[in-house]
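# Provided below for reference: sequence and predicted model.
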Amino acid sequence: MRDLRQDLSGLWQAATRITPRAGGRVLMFMSAREGEGTSSVAASFALMAAARAARMTWLIDLDLRENPLYTAFSKGVLSGVGRPGHPLDASLGVEQIYSVSGSEKVPALTKLLTAHQIDGLRLLVTRFRNERLSPGHSVRMLAAPGWWGALRRSADWAIIDAPSLSRSAAGLIYAPLTDGVVLVVQAETVGADEVEDLRAAVEAAGGNVIGVVMNRLKSGRARAGNQRMGGWRAF
């Protein structure tokens, strides 16, 4: 994960012009394939929002199995950014955005999703407690509009990092509940047709695609991870 805040000024200006349905804004980042840099863009945007917001900003990781955002912050991947603090209850006292089933006893759902404040920032990053599940348990994502409504009432921004569509359709479940969806693509490898297919999938699910962030490799440096932003294009 890389800090891309200096490259997202255009996106920030566009996103702040979005009128939220009620309360805080909810913005989702999503890609067609894995490895497009979605988590870097989502985390960087969340850091920008947290620096400007009066209330908390939430960074919501829909990869419940791996929790890559929480892990990255815990390891100090972003220079100068604090570590996650103690777990806070992220159930918000309403319906949950997931369900758990299995032959073994299911743990209390309100204890599985936590939020951790990043030291020194008005930013909470979510973590799903997989250690409380048994191998026989399965997790299913639920739209849970009541949870999102409660979140809007308590936060200025909620930034969603969705898994790539090639890996999971989780992002499509929540796209209709957001104020906008930003597509993230690797400019050198993803063609226009693939971008349009992803856009069509999001819009067919009821989401509103507001634009595309394009990653480009630095010239002469094809090594994985050495990337810069190639631009922002609004629809």
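On my side now, so go ahead.
# any weak-confidence spans in the protein?
The model of the chain has pLDDT under 70 over residues 190, 216-232, 234-235.
# tell me the centre residue of it?
Centroid check for the chain by C-alpha atoms, centre = their mean gives Asp161 as the closest residue, at 1.7 Å.
# what's the spacing between the host helix or strand of Arg127 and its chain's center?
According to DSSP states H and E, Arg127 maps onto strand 123-128. Put simply, strand 123-128 sits 10 Å off its chain's centre (C-alpha atoms, centre = their mean, to the nearest Å).
# Start the count at 201 instead of 1 going forward.
Okay, residue one is now 201; in that scheme the one you just asked about reads as strand 323-328.
# I would like the residues contacting it, please.
246-247, 249-250, 256-261, 264-265, 267, 269-270, 273, 284, 287-288, 290, 298, 312-318, 339 (C-beta atoms under 8 Å, 6 or more residues apart in numbering). Using the backbone N, CA and C atoms, a C-beta is placed for each residue, glycine as well.
# Mind naming the longest helix for the chain?
Criterion DSSP state H: the longest helix present in the chain is helix 238-252.
# List the strands paired with whatever helix or strand comes next after it, with their directions.
Remark: after helix 238-252, the chain's next helix or strand is strand 256-261, criterion DSSP H and E. Strand 256-261 pairs in its sheet with strand 323-328 (parallel), strand 355-361 (parallel), by DSSP bridges.
# And for strand 256-261, what's in contact with it?
Strand 256-261 is contacted from outside by 242-243, 246, 249-250, 267-270, 315, 317, 322-328, 351, 354-361, using C-beta under 8 Å, 6+ apart.
# just the buried members of those?
242-243, 246, 249-250, 267-270, 315, 317, 322-328, 351, 355-361 (16 or more other C-beta atoms under 10 Å).
# Show me the helices in this protein, by range?
Going by DSSP H, the chain shows helices at 209-216, 238-252, 268-274, 345-354, 370-374, 392-404.
# Please export the C-alpha coordinates of the longest one as PDB.
Going back to what we said before, that points to helix 238-252. C-alpha atoms of helix 238-252 as PDB (Å, rounded to 0.1, in the frame of the first residue of the first chain):
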ATOM      1  CA  THR A 238      -7.500   0.100  -4.900                       C
ATOM      2  CA  SER A 239      -6.500  -0.100  -1.300                       C
ATOM      3  CA  SER A 240      -3.800   2.500  -1.700                       C
ATOM      4  CA  VAL A 241      -6.300   4.900  -3.300                       C
ATOM      5  CA  ALA A 242      -9.000   4.200  -0.700                       C
ATOM      6  CA  ALA A 243      -6.700   4.600   2.300                       C
ATOM      7  CA  SER A 244      -5.100   7.700   0.900                       C
ATOM      8  CA  PHE A 245      -8.500   9.300   0.300                       C
ATOM      9  CA  ALA A 246      -9.600   8.300   3.800                       C
ATOM     10  CA  LEU A 247      -6.500  10.000   5.200                       C
ATOM     11  CA  MET A 248      -7.400  13.200   3.300                       C
ATOM     12  CA  ALA A 249     -11.000  13.100   4.600                       C
ATOM     13  CA  ALA A 250      -9.900  12.500   8.200                       C
ATOM     14  CA  ALA A 251      -7.600  15.600   8.000                       C
ATOM     15  CA  ARG A 252     -10.500  17.800   7.000                       C
END
